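[1] 3D, please:
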Amino acid sequence: SNITKDKFLSIIAHDLINPFNTILGFSDLLLNNYSEYDDETRVKTIKTINNSSTELYELLGNLLQWSRSERGLLEYSPERIDMTSIILKIVALFSATASAKDIKIELNLSENESIVNSDIYLLNAILRNLISNSIKFTPKGGRISIKTEAEEKYVVVSVADNGVGISAENLENLFRIDIQHSTLGTNSEKGTGLGLFLVKEFVMKQKGELRIESEVGKGSSFSFTIPRWKV
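    Predicted coordinates for the structure are as follows:
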């Protein structure tokens, strides 16, 4: 309980304030210097505000999910879902962020047997966090591969990148909420560790399995299983 409280207060004190400061600071600059800025500077400033707004939105979403999970209020309502359709929607959501770093997202999605039995909100949170993390830790001009493969009882989804990778030490403590990981994204993006913590919890809640392979300097691969829809 104390660890959870300390982690929550740490996020409120630091990780929420940083993007707010960026949004307030750069919007103030744009407001006071709009006529003096050329188009390139205006666009650059707006992109900075947009990136911080996106970071803040994702963090608040994770905090809400985490809070509900900690209080036992997280509902699980599985339904028939087309995995391919969901992945395409989320990739489209992150297309601008990936393009800003000139990152190519390659899709290798199974055309058959892509229907799963899953909770749409939990599945969205899993995919958003994994894809967002890959973009964060992949360098400019890098590559991300998203693949689905049908097994007898499950659909396997993998998100792999050629980014910075994870050290063996951090990999061992990756899902411990009481340890703050210091790895920065390739554009110095910061994370709270909440995203992957939720990914593991949400995969397990759907009786799936999360697997990780990573090597520093070569990239990471996160894959998870979701039960197939039974006709």
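[2] So what are the sheet partners of whichever strand or helix holds Ile81 and their directions?
    Using DSSP states H and E, Ile81 sits in strand 79-82. Note on strand 79-82: by DSSP bridges, its sheet partners are strand 115-118 (antiparallel).
[3] Quick check: buried residues in stretch 152-164?
    Neighbour counts over stretch 152-164 (16 or more other Cβ atoms under 10 Å) mark Tyr154, Val155, Val156, Val157, Ser158, Val159, Ala160, Asp161, Asn162, Gly163, Val164 as buried. C-betas here are computed from N, CA, C, even on glycine.
[4] Adding pLDDT, write these out as JSON lines.
    Listed next are the buried residues of stretch 152-164 as JSON lines, based on pLDDT from 0 to 100:
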{"residue": "Tyr154", "pLDDT": "93"}
{"residue": "Val155", "pLDDT": "94"}
{"residue": "Val156", "pLDDT": "95"}
{"residue": "Val157", "pLDDT": "96"}
{"residue": "Ser158", "pLDDT": "97"}
{"residue": "Val159", "pLDDT": "97"}
{"residue": "Ala160", "pLDDT": "97"}
{"residue": "Asp161", "pLDDT": "96"}
{"residue": "Asn162", "pLDDT": "94"}
{"residue": "Gly163", "pLDDT": "92"}
{"residue": "Val164", "pLDDT": "90"}
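[5] Run through the strands of this protein in chain order.
    For the chain, the strands defined by DSSP state E occupy 79-82, 104-108, 115-118, 143-150, 154-161, 210-215, 219-227.
[6] Name the spans of the protein whose pLDDT lies under the cut-off.
    Across the chain, the ranges flagged by pLDDT under 70 are 1-15, 18, 62, 66-74, 176-194, 231.
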